[in-house]
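Predicted model and sequence below, questions to follow.
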Amino acid sequence: MPYNDTLLYRSPRKDGSKSGRVYDALRSAIITLKLQPGAQIDKAEICTRLQVSRQPLSEALARLAEERLVTVEPQKGSYVTRIRMNDVVEAAFVREALEVATVARGLGFSHTVAVLHDGEGSLAPLSDTQKAVYAKLLNEGGSIAHKINYHAFQKNLMDAKPNDWRCRAGGRYLYICEFGLVHRCSQQRGTPGTPLLSYTRADVAREFDTVKDCAPFCTLSCVHQASFFDGWRAPQRRHDPQPVPA
């Protein structure tokens, strides 16, 4: 595609490198949509306008490719990466997560990050971008609980790997709904679904001793934390008769 006079410009960098000037010029043109998604990058035209050789241009394109702003196709050429809806959603997630955390810290609060199932109850591995955001929030959050959650169970869940632990929901931890019924947790409403006034020590003992089939991929930090101190004792002998929700 032809370039107009304002498409590319020289943007000086502190290091004064030629590849840096080309990188800045191309990146600006891409993010302001002067270079449209899918457009092929005319290397000869850029070299002429910016008065550089092919080497600085190749270095700049390599950096842009690392940022996924440019797609390099061998034997074909370099193209401005097309915008994908998944990338837009992920970018929105990154911005929202960082902004919320920044505001929270500015108000004097600490923050944690949860790892959640999707709407169908599945747990997919986090992308590299999501893991990078998580790491940044973990390091800057100042929350001891967040660090404990990470090492105790979130680290595996971020890779969609199971955890081997003893869930004490219904025993050490009770979830009581607005109707006064005791459930194991928010994800197991209806199990057992017993009125609080009828929930006995026998019920507590039964649930404490029951292996939950949903435990390996549980994301509920409150249940994990309540079960920490029983992880080393009282092996569970009962097996959960309840089917795990799909």
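Nice, I can see it.

Show me what counts as buried in the helix or strand encompassing Leu57.
Secondary structure from DSSP states H and E places Leu57 in helix 54-66. Under the neighbour-count criterion of 16 or more other Cβ atoms under 10 Å, helix 54-66 has Pro56, Leu57, Glu59, Ala60, Leu61, Arg63, Leu64 buried. C-beta: built from backbone N, CA, C; applies to glycine.

Centroid-nearest residue for the protein?
By Cα atoms, centre = their mean, the chain has its centre lying nearest to Gln130, at 3.1 Å.

My read is that that residue contacts Ala91, right?
No: counting by Cβ atoms under 8 Å, Gln130 stays clear of Ala91, with 11.3 Å between them.

what's around Thr81, how many residues?
Counted with other Cβ atoms under 10 Å, residues neighbouring Thr81 total 18.

wait, it sits on Glu67?
No: applying Cβ under 8 Å as the test, Thr81 and Glu67 come out as separate, 9.1 Å apart.

From Leu61, how far off is Gln230?
One thing to correct before we go on: residue 230 is Asp, not Gln. Distance of Asp230 to Leu61, computed by Cβ to Cβ, to the nearest Å: 56 Å.

still on that earlier bit, what's in contact with the helix holding Leu57?
By Cβ atoms under 8 Å, 6 or more residues apart in numbering, the residues outside helix 54-66 that reach it are 17-23, 26-27, 30, 41, 43, 46-47, 70-72, 78.

Tell me the helix or strand right after it.
strand 70-73.

Can you mark which positions in that next one are buried?
Within strand 70-73, the residues scored as buried using 16+ other Cβ under 10 Å are Val70, Thr71.

circling back: out of the contacts of helix 54-66, list just those in strands.
Of the contacts of helix 54-66, the ones assigned to strands by DSSP state E are Val70, Thr71, Val72, Ser78.

Any chance of the residues you listed in a markdown table with distance to Trp165 and pLDDT as columns?
Listed next are the ones in strands among the contacts of helix 54-66 as a markdown table, based on distance: Cβ to Cβ, whole Å; pLDDT from 0 to 100:
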| residue | distance to Trp165 | pLDDT |
| --- | --- | --- |
| Val70 | 45 | 95 |
| Thr71 | 43 | 94 |
| Val72 | 45 | 91 |
| Ser78 | 49 | 94 |
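
Tabulate those residues (JSON lines), appending distance to Phe217.
Below are the ones in strands among the contacts of helix 54-66 laid out as JSON lines (distance: Cβ to Cβ, whole Å):
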{"residue": "Val70", "distance to Phe217": "38"}
{"residue": "Thr71", "distance to Phe217": "35"}
{"residue": "Val72", "distance to Phe217": "38"}
{"residue": "Ser78", "distance to Phe217": "41"}
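
Pick out whichever of the residues you listed sits closest to Ala101.
Each of those was scored against Ala101 by Cβ to Cβ, and Val70 proved nearest at 30.0 Å.

which ones are touching the closest one?
The contact partners of Val70, taken as Cβ under 8 Å, 6+ apart, are Leu26, Ile30, Ile41, Leu61, Leu64, Ser78, Tyr79, Val80, Thr81.

Nearest spatial neighbour of it, chain-adjacent residues omitted?
Leu64 (3.9 Å; Cβ to Cβ, 6 or more residues apart in numbering).

Determine how far the top helix by length along the chain lies from the middle of the whole chain.
For the chain, the helix with the greatest residue count under DSSP state H is helix 85-106. When distances are taken as Cα atoms, centre = their mean, to the nearest Å, helix 85-106 is centred 10 Å away from the chain's centroid.

Ok, stretch 220-227 next?
With Cα atoms, centre = their mean, you get 20 Å for stretch 220-227.

Next: stretch 200-210.
Stretch 200-210 has its C-alpha centroid displaced from the chain centroid by 36 Å (Cα atoms, centre = their mean).

Pull out the buried residues from it.
For stretch 200-210, by 16+ other Cβ under 10 Å, it's Asp203, Val204, Glu207, Phe208, Asp209, Thr210.
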